[in-house]
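# I'd like to go over a predicted model; first the sequence, then the structure.
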Amino acid sequence: MLLNADVGEGFGPWSMGDDKALIPHIHLANIACGGHASDPLTMQKTVRLALDHEVELGAHPSYPDMLGFGRRPLAISPGEAALHMLAQVGALEAIARSEGGSLTYVKPHGALYNEMMASPDLMAALMSSLADYKPELKLMILATSHSNEHQTLARKYGIELILEAFADRSYTDEGHLAKRTSPGAVFHGSDKILAQAHSILTTNSVKTNTGSEIQLGANVICVHGDNTESIGVVEKIRSMIDSNLNSLSV
């Protein structure tokens, strides 16, 4: 299990989260690349910080919607969405290469991520675009009970998947993330975040918002860079991973 986080989500002089506190403790950095946040200088700064800490670089593209922080679905075709994704990935890759690094994966952000999980046509369009552009780039998606179907689709396009679970988000009984507008969708208590991280790491399962338990099959775990409580416990979650859970009980 590897630890990833959404980072580089500022713009110009405005910053979100605390990347300097977060990045040293993660394995994978999902770097915003202009769709929902960021700009060339912010991308460069974030890439440099990740490379300084030997953190793997990933692109975090979204619908082109800075005003909505990429969390609003847009009425565009799967092909258009895939094109916007490629434009953002290409921009970040150019900056990463100029700094001596390279991208290894792509994780869609916000509404694009959720719509991808709900729409086979959109997921196929994103996979097809990555395969045409750079098939060695992995695609990070939500780990669900349908992961076998997603793996089959990925093999069709020659794309490798990374299956993700969330330490700081509530799940529905169907294995999807609860909508951010619903009560308790984002965890803001460190105990709750640590408890869910512990469950994912030990049993690869979570309790849903109705109390049911579901299996995930994830191979990465995410904390959000815009959640102060998540940043506060990221070092403990990394410790759980590194010590095989021997140094921390929840």
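Structure received. Remember, predicted model here, so these are calculated numbers, not experimental data. Numbering: from 1, shown residues only.
# so where's the chain uncertain?
225-230, 244-250 (pLDDT under 70).
# ranges for the strands of it?
Secondary structure of the chain, counting by DSSP state E: strands at 2-7, 28-32, 56-60, 103-106, 138-142, 161-166, 205-207, 213-215, 220-224.
# any idea which residue sits dead centre in the protein?
The residue lying closest to the centre of the chain (CA atoms, centre = their mean) is Lys107, at 5.2 Å.
# list the contacts of it.
Lys107 makes contacts with 4, 6, 30, 58-60, 113, 139-140, 162, 164, as judged by CB atoms under 8 Å, 6 or more residues apart in numbering. Just so you know, the C-beta spots here come from the backbone N, C-alpha and C atoms, and that holds for glycine as well.
# can you pick out the most distant pair from those residues?
The most widely separated members of the contacts of Lys107, counting by CB to CB, are Asp6 and Leu139 (15.7 Å).
# and the two? Which one has more around it.
Asp6 (27 against 21; other CB atoms under 10 Å).
# my read is that that one contacts Asn30, right?
Yes: look at Asp6 against Asn30 with CB atoms under 8 Å: they come within range, at 4.7 Å.
# list residues touching both of the two?
Counting by CB under 8 Å, 6+ apart, the residues touching both Asp6 and Asn30 are 60, 107, 109, 222.
# for the last one, grab the count of nearby residues.
Burial of Cys222 is recorded as 26 neighbouring residues (other CB under 10 Å).
# identify, from the contacts of Lys107, the entry nearest to Gln196.
Closest approach to Gln196 among the contacts of Lys107 (CB to CB): Glu164, at 13.4 Å.
# the closest one: neighbour count?
Number of residues near Glu164 (other CB under 10 Å) recorded here: 21.
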